[in-house]
Each structure stands twice: as C-alpha cells, then as structure tokens.
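Undergrad: sequence plus predicted model, see below.
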Amino acid sequence: QVQVVESGGGLGQPGGSLRLSCVASGNIFSFYAMRWYRQTPGKQRELVASITSGGSTFYADFVKGRFTISGENAKNTAYLQMDRLKVEDTGDYYCFIIIGGGREYWGQGTQVTVSA
C-alpha cells in the first residue's frame with residue numbers, strides 16, 4: 001500500500017510565497033518521478049512541475065521563473081516552492097508519483113488560495 005500526502009497549502013498574497021510538500025510512504029522500493037498538478041477554477045487538471053529521481057526537472061510555462069520543484073529521494077519527498085504568487089495560481093494542487101513497476105499514485109490534494 002502506498003500513500004501520498006500533500007501539505008503546505010493555504011492562503012497566500014499576490015507576490016508572496018507558499019511551499020508545498022509531498023510525502024510518499026509505503027511499499028516504495030524505487031522511485032522514478034514526482035509531479036505537481038493543479039486544478040484551477042473552470043479548468044482541467046494541468047501539470048505544473050515534475051522532478052525525476054535523477055534530478056531532472058520540468059516546469060509549465062505559466063510557472064517558469066516563479067516556482068521551484070525539489071526532492072529528497074531518501075525521504076520520498078518532493079517540494080514545490082511557489083514564489084511571486086498570482087491570483088490565477090489559486091486552485092487545488094495534487095502530487096503524483098511514479099514508482100517501481102510503473103505504479104502511479106495521486107495524493108488527495110491541497111488547496112491554495114491567492115488573494116489580497
């Protein structure tokens with residue numbers, strides 16, 4: 001059984017920062033990638049950023065230069081540092097992991113609200 005738990009959401013101000021965490025636990029023998037997705041009001045879930053076990057990263061254009069993804073492989077943990085927040089960053093943020101055997105798991109999500 002594998003669990004994925006996000007934390008760190010909440011209220012942020014435009015121009016401010018928030019840091020999300022994603023911790024995976026359970027029968028994880030090898031880890032391939034962790035991704036952050038978000039679902040903003042009126043839109044479908046979209047990829048925000050990803051990181052592989054080797055440290056390769058990807059960012060969606062709408063967060064490049066503002067968000068930073070990082071990870072600690074030994075702890076099966078990933079972070080999303082969100083700087084220079086915008087109102088349009090408001091939404092539910094989900095962690096998605098890919099582990100050995102091609103198994104994939106979603107977290108329950110954490111809500112981010114950016115408002116003055």
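TA: Now that the structure is in, tell me what you want to look at. Residues are numbered from 1 along each chain as shown.
Undergrad: show the model's pLDDT score for I28.
TA: According to the prediction, I28 has pLDDT 79.
Undergrad: ok, and the closest non-adjacent residue to the most centrally placed residue in the chain?
TA: Central residue of the chain (CA atoms, centre = their mean): W36, 2.9 Å from the mean position. Of all residues not flanking W36 in the chain, V48 sits nearest, at 4.4 Å (CB to CB, 6 or more residues apart in numbering). (Glycine included, C-beta is placed from N, CA and C.)
Undergrad: can you report how many residues lie near the one you found?
TA: 23 (other CB atoms under 10 Å).
Undergrad: same check, this time on T77
TA: 16.
Undergrad: correct me if wrong: it contacts R19.
TA: No. The pair T77 / R19 is not scored as a contact, 12.0 Å apart, by CB atoms under 8 Å.
Undergrad: and the residue nearest to W36, how far is that from Q3?
TA: V48 sits 21 Å away from Q3, taking CB to CB, to the nearest Å as the criterion.
Undergrad: ok, G15 next?
TA: From G15 to Q3 the distance is 34 Å (CB to CB).
Undergrad: what's the answer for I97, then?
TA: Distance, I97 to Q3, using CB to CB: 10 Å.
Undergrad: overlap in contacts, the two.
TA: Both I97 and Q3 are contacted by A24, Y105, under the criterion CB atoms under 8 Å, 6 or more residues apart in numbering.
Undergrad: those two - which one has more neighbours?
TA: Legend: neighbour count by other CB under 10 Å for I97 and Q3, higher for I97 (22 against 12).
Undergrad: please tell me I have it right and the more buried one contacts A24.
TA: Yes. I97 is in contact with A24 according to CB under 8 Å; the separation is 5.1 Å.
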